[in-house]
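Q: using only what follows, build the 3D model:
(one chain, ligands or ions: 1)
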Amino acid sequence: MQGKVVLVTGANGGLGTYVTQAFLDRGATVIGASRKIQQTDFNHPNFVAIRAEISTGQGAQALVDLSVARCGKLDVLAHTVGGFAGGQPVAETDDAVFLSMIDLNLNCVFYILRAAIPVLRQAGSGRIIAIGSRSALEPGAGVGAYSASKAAMVSLIRTAALENKDAGLTANVILPGTMDTPGNRKAMPNADFSKWVRPATVAGLTVWLAGDAGTDVNGAAIPVYGSEA
Ligand SMILES: NC(=O)c1ccc[n+]([C@@H]2O[C@H](COP(=O)([O-])OP(=O)(O)OC[C@H]3O[C@@H](n4cnc5c(N)ncnc54)[C@H](OP(=O)(O)O)[C@@H]3O)[C@@H](O)[C@H]2O)c1
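A: Below you'll find the model as predicted:
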């Protein structure tokens, strides 16, 4: 990853922290973006924090423009922004929950793809890795808004893969099951954490997809379910 510039969205999140550190460990320059990210979140000379709100087209474009202004180019987009809300059946899901899931899990992907793809195409071997969810393929009762938003984002990433292979750009989506994040430990303190997916596994796969070995993998939706599978 030496010489590569990687944009990690959600860099201070439960998973994003691992993804950011994994790219830094392999020598990349990492732009870490989120609404509240701070330069002090990662003590590394190759880390650049940029605060951004990417649920609007303007916010996502500003992030990409600033990234290029700071680092000169973009080789990899690792998009980890996303989140969960729900717990109600479809018939009882209110507008706010449904729209918040679409905003966070679908609109953010659309806006960051639209802004980043023209720059990533210039890289010649650009990479997009996005984090979906097991729920995209396997919806469960009570999580309709979340599952639908993640299913739609998988479709968008696979479309981007088809549309940009002429430029050597690949786009893939990882579908984790429940991960062992601080947020999940807090929300489910009595669960068996050992069955959950280790964020380091997902971070390692992200880095692999971003590297030379990932060249032949394009348009994939990759399950990483841990031992709950
Ligand atoms: N946790 C799980 O078990 C699990 C399972 C399957 C899939 N996933 C998916 O994996 C991804 C990471 O999950 P996580 O648990 O690490 O989530 P998380 O801890 O909640 O992190 C979310 C990140 O996104 C940033 N963010 C949220 N809204 C944003 C916005 N509008 N603009 C810019 N940044 C924004 C947050 O930072 P700021 O607050 O500073 O903006 C934070 O860095 C998500 O896509 C999630 O759906 C998670």
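
Q: could you list the low-pLDDT ranges of this protein?
A: Scanning the chain for pLDDT under 70 picks out 229.

Q: following the longest helix along it, which helix or strand comes up?
A: Ranked by residue count under DSSP state H, the longest helix found in the chain is helix 144-164. Moving toward the C-terminus from helix 144-164, the first helix or strand encountered (DSSP states H and E) is strand 170-176.

Q: contacts only, for the closest residue to Asn107 other than its chain neighbours.
A: Leaving aside its chain neighbours, Asn107 sits nearest to Ser55 (5.6 Å; criterion: C-beta to C-beta, 6 or more residues apart in numbering). The way it works is simple: take the backbone N, C-alpha and C, and place the C-beta from them, glycine included. For Ser55, the contact set (C-beta atoms under 8 Å, 6 or more residues apart in numbering) comprises 103-104, 107-108, 111.

Q: sec struct for Ser55, please.
A: Using DSSP: H, G, I helix; E, B strand; the rest coil, the three-state assignment for Ser55 comes out as coil.

Q: please apply the same query to the one 10 residues further on.
A: Three-state assignment for Asp65 (three-state DSSP): helix.

Q: show me the contacts for the most far-flung residue of the chain relative to its centre.
A: Each residue of the chain has a distance to the centre, and by C-alpha atoms, centre = their mean the biggest one is for Ala91: 29.4 Å. For Ala91, no contacting residues are found, by C-beta under 8 Å, 6+ apart.

Q: use 26 as the first number for this chain going forward.
A: With 26 as the first residue, the last one maps to Ala116.

Q: circling back to that earlier point, filter the contacts of Ser80 down to the ones near the ligand?
A: Contacts with the ligand within the contacts of Ser80, as defined by C-beta under 6 Å from any ligand atom: 129, 133.

Q: mind checking which of the contacts of Ser80 are in strands?
A: Among those, none falls in strands (DSSP state E).

Q: as CSV, the contacts of Ser80 with neighbour count would be great.
A: Below are the contacts of Ser80 laid out as CSV (neighbours: other C-beta atoms under 10 Å):
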residue, neighbour count
Asp128, 14
Leu129, 20
Asn132, 20
Cys133, 26
Tyr136, 20
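
Q: just the helices from this protein, written as ranges.
A: 41-50, 82-96, 120-126, 133-148, 159-162, 169-189, 207-212, 224-235.

Q: and stretch 232-251, what's buried?
A: 232, 234-236, 239, 243, 245-246, 249, 251 (16 or more other C-beta atoms under 10 Å).

Q: ugh, wrong one, I meant stretch 39-53
A: Neighbour-count burial for stretch 39-53 [16+ other C-beta under 10 Å]: 39-49, 53.

Q: next one: stretch 55-63
A: Buried-residue list, stretch 55-63, by 16+ other C-beta under 10 Å: 55-59, 62.

Q: stretch 169-187 now?
A: Here stretch 169-187 shows 169-179, 181-183, 185-186 as buried, counting by 16+ other C-beta under 10 Å.

Q: just to revisit the earlier point, distance to the ligand added to the buried residues of stretch 39-53, as a markdown table?
A: Putting the buried residues of stretch 39-53 into a markdown table (distance: C-beta to the nearest ligand atom, whole Å) gives the following:
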| residue | distance to the ligand |
| --- | --- |
| Gly39 | 3 |
| Leu40 | 4 |
| Gly41 | 5 |
| Thr42 | 8 |
| Tyr43 | 9 |
| Val44 | 9 |
| Thr45 | 10 |
| Gln46 | 13 |
| Ala47 | 14 |
| Phe48 | 15 |
| Leu49 | 16 |
| Ala53 | 18 |
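
Q: sorry, back to before: report the inter-axis angle for the longest helix of the chain versus helix 133-148.
A: 20 degrees (axes from the mean of the first three to the mean of the last three C-alpha atoms, to 10 degrees).
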